[in-house]
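**Q** Sequence first, predicted coordinates after that:
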Amino acid sequence: MPRLVVVSNRVADPRKTAAGGLAVALADVLNNTGGLWFGWSGKITEGAAESGLRTHQAGPVKLVTIDLGRDDYDSFYMGYSNGVLWPVFHYRLDLADFDPGYIAGYRRVNQLFARRLLPLLRDDDIIWVQDYHLIPLAAELRALGCTQRIGFFLHIPLPPPLMLAAIPGHDWLIRALFAYDLVGFQSRADHSHFCSYVQAEAHAQDVGEGRRRAFNRTVQAGAFPIGIDVEEFTALANAPDGREMHRRMRNEYSRRKLLVGVDRLDYSKGLPNRMRAFRDMLQRYPDTHNSATLIQIASPSREDVSAYTDILHELESICGSINGNFGELDWMPVRYMHRTVARTRLPGLYRASRVALVTPLRDGMNLVAKEFIAAQDPQDPGVLVLSRFAGAAEQLTEALLVNPYDIEGTANAIHLALQMPVEERRTRYQALIESIRQYDVHWWCDTFLDTLANAEAEETGTPWLRL
Ligand code: ADQ
């Protein structure tokens, strides 16, 4: 079995529970192949000197990291990755900062990754690059002579061609994808945006079986929706922390129905709209007063970007006004917490909740939606209110699908979810849990890696033209 080399912006120790389902799934494969995981250490060095590699053995998996210089962090990470690609790929052109200096830093760090990774590679390695920070990595590796199989998975959405075309250098970015053997997207919608872009902008030829030819190279592309590790999550629900959390929440809220939202505090997650919909429901459905409480947990994220501090203030202000206008001495409609909850306690919180609000304005997939379902009691399951703009909506059609821009419609759906009879909750839950089990994170990993291993190899001798 060839060794798997995973490359991502950040590296997680797969043996720690805090690492999450993706790390656990990758660890499974990496453990079997005695693999290598390469990425940024999260440390910033002030000097310009290139730092050494840090190597850490985590069981059979070797974790190798490098530090970034301050300039690289500013232009690669904060600038191009999170100031251009993140907002535009989430359809937020208005929030993008197209500073022309950023792209050089993005390119420099991808070159640095390629240069430091290349000497660690073996001839029969399979390389799997993760996410938007590293789009040009395969092209940089190929320019240094790397001929191994390389796959890429985009965890965030790909916008429609005209929106993508707003990025200066968009053609460079998409051309870089052709240095991979396989490119995976979260949803059919993202995949179709890729196909229409390469056809319109690069006159790519459809050569069958999901393969497109352009720039003298052929790339296979498809949708590989990511899932969760259902077994791992169920085990967490039954572990002491999960049980204790469930018991405490049920005791605390025994007289009320709980609604829950768990997100990174990010403008793509639609938190202010969610709060407006909840407020609208309280306004129009007085039966919910005193009987429903929304717990919203928003973990701090990229706090040095101004769009994130804006959303923090907006959210605090809406939550304050809801509690001020509707709260009673013994009832606060919203409990908002700006923090991360330990992963071991999340299943207990989900299980104690009647309704989950997962209402992003745009999201690649959204794993919280799947975790909520996995944590439910099959006899008395909660209801998932899910944005149609989350990648997960393509699969989870038995959720109550909403348009988060439609405040009134979302409020009605939340009310419906709170009132839903147990028979209907069970029927919907059965369909959802089956889909989540079938397309779990192991399915995602195995299907992507099998497809990559079987992707038709590029004709040898075709040199990669430098970007
Ligand atoms: P995110 O936007 O970070 O990542 P999301 O799917 O929303 O991903 O959640 C990822 C994990 O973080 C989940 O396991 C969740 O439980 C945890 N989490 C989120 N908020 C938390 C909080 N406040 N406290 C504790 N844990 C929290 C990107 C894409 C997504 C895609 C994932 C995976 O944006 O669309 O689903 O990658 O591909």
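**A** Thanks, I have it. What you are looking at is a predicted structure, and each value in this text was computed from that prediction instead of being measured.
**Q** which residue ranges form the helices in the stretch 51-200 of the chain?
**A** 70-72, 86-89, 102-117, 137-143, 161-164, 170-177, 188-202 (DSSP state H, counting those that start in this stretch).
**Q** Quick one: check the last one for contact with the ligand.
**A** No. For helix 188-202 and the ligand, the contact criterion (C-beta under 6 Å from any ligand atom) is not met; the two come no nearer than 10.7 Å. Where C-beta positions appear, they are placed from N, C-alpha and C, glycine not excepted.
**Q** What are the buried residues along that helix?
**A** Neighbour counts over helix 188-202 (16 or more other C-beta atoms under 10 Å) mark Ala189, Asp190, His191, His193, Phe194, Tyr197, Val198, Glu201, Ala202 as buried.
**Q** Please identify which of these is nearest to Leu26.
**A** Closest approach between the buried residues of helix 188-202 and Leu26, by C-beta to C-beta: Asp190, at 20.8 Å.
**Q** List the contacts of that closest one.
**A** Leu154, Pro157, Leu158, Ala223, Gly364, Gly391 (C-beta atoms under 8 Å, 6 or more residues apart in numbering).
**Q** Spatially nearest residue to Glu201, not counting backbone neighbours?
**A** Leaving aside its sequence neighbours, Glu201 sits nearest to Asp171 (C-beta to C-beta, 6 or more residues apart in numbering; 6.2 Å).
**Q** For the buried residues of helix 188-202, please prepare CSV with the additional fields pLDDT.
**A** Output for the buried residues of helix 188-202, formatted as CSV (pLDDT from 0 to 100):
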residue, pLDDT
Ala189, 98
Asp190, 98
His191, 98
His193, 98
Phe194, 98
Tyr197, 97
Val198, 97
Glu201, 93
Ala202, 93
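**Q** could I get these as CSV with distance to Ser353?
**A** Formatted as CSV, these follow (distance: C-beta to C-beta, whole Å):
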residue, distance to Ser353
Ala189, 29
Asp190, 29
His191, 33
His193, 34
Phe194, 36
Tyr197, 40
Val198, 43
Glu201, 45
Ala202, 47
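**Q** Give me the neighbour count for Asp67.
**A** 18 (other C-beta atoms under 10 Å).
**Q** Next, find the distance separating it from Arg428.
**A** When distance is defined by C-beta to C-beta, to the nearest Å, Asp67 is 48 Å away from Arg428.
**Q** go on, Ile103?
**A** For Ile103, the distance to Arg428 equals 46 Å [C-beta to C-beta].
**Q** same question, Met249
**A** 22 Å.
**Q** what's the answer for Gly34, then?
**A** 42 Å.
**Q** In terms of neighbours, single out the busier of these two.
**A** Arg428 (20 against 13).
**Q** Was I right to think that one contacts Glu398?
**A** Yes. Using C-beta atoms under 8 Å, Arg428 is in contact with Glu398, at 4.4 Å.
**Q** Next, count neighbours for Glu316.
**A** Look at Glu316: counted by other C-beta under 10 Å, it has 12 neighbours.
**Q** contacting residues for it?
**A** The neighbours of Glu316, taking C-beta under 8 Å, 6+ apart as the test, are Tyr336, His338.
**Q** hang on, Leu154 packs against Tyr180?
**A** No. Counting by C-beta under 8 Å, Leu154 does not reach Tyr180; the two are 10.8 Å apart.
**Q** and these two? which has more neighbours close in?
**A** Tyr180 (28 against 24).
**Q** For that one, give me the backbone phi and psi.
**A** phi -90, psi 160 (degrees, to the nearest 10).
**Q** Would you check that it makes contact with Ile150?
**A** Yes. Assessed by C-beta under 8 Å, Tyr180 is found in contact with Ile150 at 5.2 Å.
**Q** Overlap of the contact sets of the two?
**A** Val129, Ala138.
**Q** which parts of the stretch 51-200 of the chain sit against the ligand?
**A** Neighbours of the ligand within the stretch 51-200 of the chain, by C-beta under 6 Å from any ligand atom: His155, Ile156.
**Q** three-state assignment of Pro360?
**A** coil (DSSP: H, G, I helix; E, B strand; the rest coil).
**Q** what's near enough to touch the spatially most central residue of the chain?
**A** In the chain, the residue lying closest to the centroid (C-alpha atoms, centre = their mean) is His155, at 5.1 Å. Counting by C-beta under 8 Å, 6+ apart, His155 touches Gln130, Asp131, Tyr132, Gln186, Ile226, Gly364, Met365.
**Q** By residue count, what's the longest helix in this structure?
**A** helix 306-326 (DSSP state H).
**Q** how about that one, does it reach the ligand?
**A** No. Shown here: helix 306-326 not in contact with the ligand (C-beta under 6 Å from any ligand atom), separated by at least 12.7 Å.
**Q** Now the element after that helix, going C-ward?
**A** Per DSSP states H and E, the first helix or strand lying C-terminal to helix 306-326 is strand 334-337.
**Q** Check which helices and strands that next one is in contact with.
**A** When contacts are defined as 3 or more C-beta pairs under 8 Å, 6 or more residues apart in numbering; DSSP states H and E, strand 334-337 packs onto strand 292-299, helix 306-326.
**Q** Now the first one - C-alpha only, PDB.
**A** The reference is to strand 292-299. Provided in PDB are the C-alpha atoms of strand 292-299 (Å, rounded to 0.1, in the frame of the first residue of the first chain):
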ATOM      1  CA  ALA A 292     -38.100  28.100  24.300                       C
ATOM      2  CA  THR A 293     -34.500  29.000  24.900                       C
ATOM      3  CA  LEU A 294     -31.800  29.400  22.300                       C
ATOM      4  CA  ILE A 295     -28.300  28.500  23.300                       C
ATOM      5  CA  GLN A 296     -25.900  30.000  20.700                       C
ATOM      6  CA  ILE A 297     -22.200  29.100  21.000                       C
ATOM      7  CA  ALA A 298     -19.900  30.900  18.700                       C
ATOM      8  CA  SER A 299     -16.200  30.100  19.000                       C
END
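**Q** Is there proximity between that strand and the ligand?
**A** Yes. Strand 292-299 is in contact with the ligand by C-beta under 6 Å from any ligand atom, via Ile297, Ala298, Ser299.
**Q** show me the contacts for the second one.
**A** Taking C-beta under 8 Å, 6+ apart, we find Ala298 in contact with Gly261, Asp263, Arg264, Leu265, Lys269, Leu271, Leu315, Tyr336, Met337, His338.
**Q** I'd say the first one and Asn273 touch.
**A** To tie it back to what came earlier, the one meant is Gly261. No. Gly261 is beyond contact range of Asn273, at 11.5 Å (criterion: C-beta under 8 Å).
**Q** what's the overlap in contacts for the two?
**A** Common contact partners of Gly261 and Asn273 (C-beta under 8 Å, 6+ apart): Thr359.
**Q** Show me which of these two is the more surrounded one.
**A** Gly261 (25 against 20).
**Q** show me the contacts for that one.
**A** Leu271, Arg274, Leu294, Ile295, Gln296, Ile297, Ala298, Ala356, Leu357, Val358, Thr359.
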